[in-house]
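1. below are the sequence and a predicted model; questions follow.
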Amino acid sequence: MRKSTILAGSIAVFGLLTGIAVQVGQAADSSTKLPHLTNGDGTLSARQADLAWRGAGMDSDTDLELILNSGQVLSESLVARLTDISPAAGPEFVDPDRAVLALRQLGSDAVGILNDGRMDQAQRVAEFHALMAREFDIPLMARFALGNHWKRASAEQRVAYLEVFGKSLLNQYAAKIAGAKVTGFDVLSAQQAGGRDVMVQSRITQSNGQILKLVWRMRQSNGQFRVIDVVAEGISLALTKRQEFAAIIKSSGGDVAQLIARLRHISA
């Protein structure tokens, strides 16, 4: 399978859920017509992503205060998600073994959902919604994907973007993934990346015998490790999404509103 095919089918889900969707041939909806950018050799390397994550300035509470003081009426759930934007407000002791345990639990839960014959499609979709919301740091992923455009966006745009980013992930992909079949999820090794992240290697086995190797980037916040990126065949999905969003914003003259509209269309 070509890397471009893997990339097209996996860009939005970040992780086991992404990998499963790719391997069963469930590509992203082509009607969204999002541009795909590369670094010239057809891939976005894990090294580039590592540098981008380490250099991302997302630890200040300033952004959160701007949003909360924007005058908008925010739901309780959105306020909770906004609070997670600054997951590294203070140094935490990083234990790679805890990241391994967290990923093993995520894999076990995902495989259990996929192979539970008592669930119908709607129930599986609902379970994946809950799993992704719990185990993926969606607010941080959204913030990273917007890159420097976050600073240029208004407080109202930031609120709208965070809301629609999460919905687009959940609504677009959960139904596609819910029909996959996986027989095994093995966590192989882990090593610390920078001062706060852990890279965990895994191997996913499908019922047809195909094997997918993924490297997960996990970050600890308030004692819990959550997924923030996944690398498949040298391709960082988070960095790819960041490049795609930048292209959309550039094509609209630097206006984040066009990106929000695109994501809202996907999540409808």
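-> Okay, I see it.
2. strand partners (parallel or antiparallel) of the helix or strand hosting Ser202?
-> Element membership for Ser202 (DSSP states H and E) is strand 197-206. Strand 197-206 sits in its sheet next to strand 182-193 (antiparallel), strand 211-221 (antiparallel), going by DSSP bridges.
3. return the most buried member of those strands.
-> By mean neighbour count, with neighbours taken as mean count of other C-beta atoms under 10 Å, strand 211-221 ranks first of the strands paired with strand 197-206 at a mean of 21. C-beta coordinates here come from the backbone N, C-alpha and C atoms, glycine included.
4. save the strands paired with strand 197-206 as CSV, and put in distance to Asn115 and mean pLDDT too.
-> Shown next, in CSV, are those (distance: least, C-beta to C-beta, whole Å; pLDDT from 0 to 100):
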stretch, distance to Asn115, mean pLDDT
strand 182-193, 7, 88
strand 211-221, 17, 89
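5. could those strands go into a markdown table alongside distance to Thr205?
-> As requested, these are exported to a markdown table (distance: least, C-beta to C-beta, whole Å):
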| stretch | distance to Thr205 |
| --- | --- |
| strand 182-193 | 4 |
| strand 211-221 | 5 |
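6. nearest to Asp255, of those strands?
-> When those are compared for distance to Asp255 using C-beta to C-beta, the nearest one is strand 211-221, at 29.8 Å.
7. C-alpha coordinates for that closest one, PDB please?
-> Taking C-alpha atoms only, strand 211-221 is exported to PDB below (Å, rounded to 0.1, in the frame of the first residue of the first chain):
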ATOM      1  CA  ILE A 211       0.200  -5.900  10.700                       C
ATOM      2  CA  LEU A 212       0.500  -2.100  11.200                       C
ATOM      3  CA  LYS A 213       3.300  -0.600  13.200                       C
ATOM      4  CA  LEU A 214       2.600   2.700  14.900                       C
ATOM      5  CA  VAL A 215       4.600   5.000  17.100                       C
ATOM      6  CA  TRP A 216       2.500   7.000  19.500                       C
ATOM      7  CA  ARG A 217       3.400  10.400  21.100                       C
ATOM      8  CA  MET A 218       1.900  10.600  24.500                       C
ATOM      9  CA  ARG A 219       1.900  13.500  27.000                       C
ATOM     10  CA  GLN A 220       1.100  13.500  30.600                       C
ATOM     11  CA  SER A 221      -1.300  16.000  32.100                       C
END
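8. tell me the helix or strand right after the host helix or strand of Ala145.
-> Secondary-structure assignment from DSSP H and E places Ala145 in helix 138-146. Counting by DSSP H and E, the next helix or strand C-terminal to helix 138-146 is helix 149-152.
9. what's the burial count for Arg264?
-> 15 (other C-beta atoms under 10 Å).
10. so it sits in a helix?
-> Yes. Under DSSP: H, G, I helix; E, B strand; the rest coil, Arg264 sits within a helix.
11. list the contacts of the residue lying closest to it once chain neighbours are set aside.
-> Closest residue to Arg264 apart from its sequence neighbours, by C-beta to C-beta, 6 or more residues apart in numbering: Val164 at 4.9 Å. Counting by C-beta atoms under 8 Å, 6 or more residues apart in numbering, Val164 makes contact with 260, 263-264, 267.
12. can you pull the pLDDT of Val164?
-> pLDDT for Val164: 91.
13. helix, strand, or coil at it?
-> helix.
14. what separation do you get for it and Lys213?
-> Using C-beta to C-beta, to the nearest Å, Val164 is found at 32 Å from Lys213.
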